[in-house]
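# give the three-dimensional model of this entry:
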Amino acid sequence: MADGAKLLDNARAEAYAMPLDQIDLSVAERFRNNTLWPFFERIRAEDPVHYTAEHEFGPYWSVTKYNDIMAVDTNHTVFSSEGGITIFNEDEEFPLPMFIAMDPPIHDAQRKAVSPIVAPHNLANFEPIIRERVCRIFDELPVGETFDWVDKVSIELTTQMLATLFDFPWEDRRKLTRWSDVATATEESGIVESEEAGRAELMECAAYFMNLWNDRVNRPGGNDLISMMAHNESTRNMGPQEFLGNLVLLIVGGNDTTRNSISGGLLALNENPGQYQKLRENPGLIPNMVPEIIRWQTPLAHMRRIATQDVELGGKTIRKGEKVVMWYVSGNRDESVIDNPNAFIIDRPRARQHLSFGFGIHRCVGNRLAEMQLRIVWEEVLRRWRHVEVVEEPRRVLSSFVKGYESMPVRIHA
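Numbering: from 1, shown residues only. Model (predicted):
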């Protein structure tokens, strides 16, 4: 952990020595070694709507302050989602249309097709299922031995939930984890050998799901995501790439975000032992802690839009057709809106005032389900154990989009 402090000091020196116009906020290595913070801190203070002229994926604007991000996120007519949601350019040879990367009316109709899965009555039905699974997973964990929390808990729980949402064959559920990782991987990440290999794995995903689709399209009344898409007028005639695109959206949205918040919450409590003690003394703080975890972690660091017209934002003129990146990870640490934003405070007032789920028409459809899973995890942790200790620095994902963890060695103290 001392190494982390030294890295951060070096990053702070670099961030403030570098000419402002040369700062590129998307450097993935800074996300892996957790040294991104001083770069965002400086840009928020000195150039909150920041232009990066040279980048491998073309020039882009960075929007780094809470209120500016809200202005972009809630104005889909001026800031369009068409053509992709990340800083990376769409693979023109392998396009994956998905409703989050569409504007109304198609976006609204396709989102409406799957949103009943997280309607209030369904959430109520999921709660006992999630609790039973959390208990089963926890009962099998080795107390007093070191193990990987990411693999044994975060991935396993969220993959089980995803398998339920899709009514996916249970014994193959880890395929969902793999496809989620592949869908967001770059060649540098080491997850896929090449772009071609990644495409091949996603085609396997499409073929597997097409078999499920063909089975369910002839069986009305299913209460899973595949059945809902197969029987809805807006989604039943999707082409193969659009089908795969929406699958990728639902897999990543239902998997990466929750699993990284489950891991991030444990790390936050270990880094803030006073907060961990406060939680032990008052488990009633869990519902307020959950959104604080999601803010502190910000499991998806950014979303991107394209300007549909010339527009002024933060005193800068963004031209029609230019790429605009909303850095949720920065807005969630905006000192002008959130008090003491770098601190993890489980009884923070207005803890749900964070950007991690997005706003406007693209607000995360599964936000309540994510919160429920985190709440149940912490209720069951506190019921069982005194302390879950993070024993080594976690290994983070090499990505400026998915802000998460590859592994986190922990030890449970009974």
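# would you map the strands across the stretch 301-414 of the chain?
Counting by DSSP state E, counting those that start in this stretch, the stretch 301-414 of the chain has strands at residues 302-307, 311-313, 316-318, 323-327, 387-390, 395-396, 405-407, 409-413.
# let's have those in JSON lines, adding distance to Gly144.
Just so you know, the C-beta spots here come from the backbone N, C-alpha and C atoms, and that holds for glycine as well. Output for the strands of the stretch 301-414 of the chain, formatted as JSON lines (distance: least, CB to CB, whole Å):
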{"stretch": "strand 302-307", "distance to Gly144": "40"}
{"stretch": "strand 311-313", "distance to Gly144": "54"}
{"stretch": "strand 316-318", "distance to Gly144": "55"}
{"stretch": "strand 323-327", "distance to Gly144": "41"}
{"stretch": "strand 387-390", "distance to Gly144": "11"}
{"stretch": "strand 395-396", "distance to Gly144": "23"}
{"stretch": "strand 405-407", "distance to Gly144": "19"}
{"stretch": "strand 409-413", "distance to Gly144": "7"}
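# in JSON lines: the ones you listed, plus mean pLDDT.
Converted to JSON lines, those look like this (pLDDT from 0 to 100):
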{"stretch": "strand 302-307", "mean pLDDT": "96"}
{"stretch": "strand 311-313", "mean pLDDT": "98"}
{"stretch": "strand 316-318", "mean pLDDT": "98"}
{"stretch": "strand 323-327", "mean pLDDT": "97"}
{"stretch": "strand 387-390", "mean pLDDT": "98"}
{"stretch": "strand 395-396", "mean pLDDT": "97"}
{"stretch": "strand 405-407", "mean pLDDT": "96"}
{"stretch": "strand 409-413", "mean pLDDT": "97"}
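# out of the ones you listed, indicate the one that is most buried.
Highest mean neighbour count among the strands of the stretch 301-414 of the chain (mean count of other CB atoms under 10 Å): strand 323-327, with a mean of 25.
# ok, back up a step: what's the closest of the strands of the stretch 301-414 of the chain to Ser62?
Across the strands of the stretch 301-414 of the chain, the minimum distance to Ser62, taken as CB to CB, is reached by strand 323-327, at 5.4 Å.
# residues in contact with the closest one: which ones?
Outside of strand 323-327, the residues within contact range by CB atoms under 8 Å, 6 or more residues apart in numbering are 25-26, 40, 58-64, 69, 72-73, 79, 87, 301-307, 318, 355.
# tell me which of the strands of the stretch 301-414 of the chain lies nearest to Met229.
Closest approach to Met229 among the strands of the stretch 301-414 of the chain (CB to CB): strand 302-307, 23.0 Å.
# cool, thanks, signing off.
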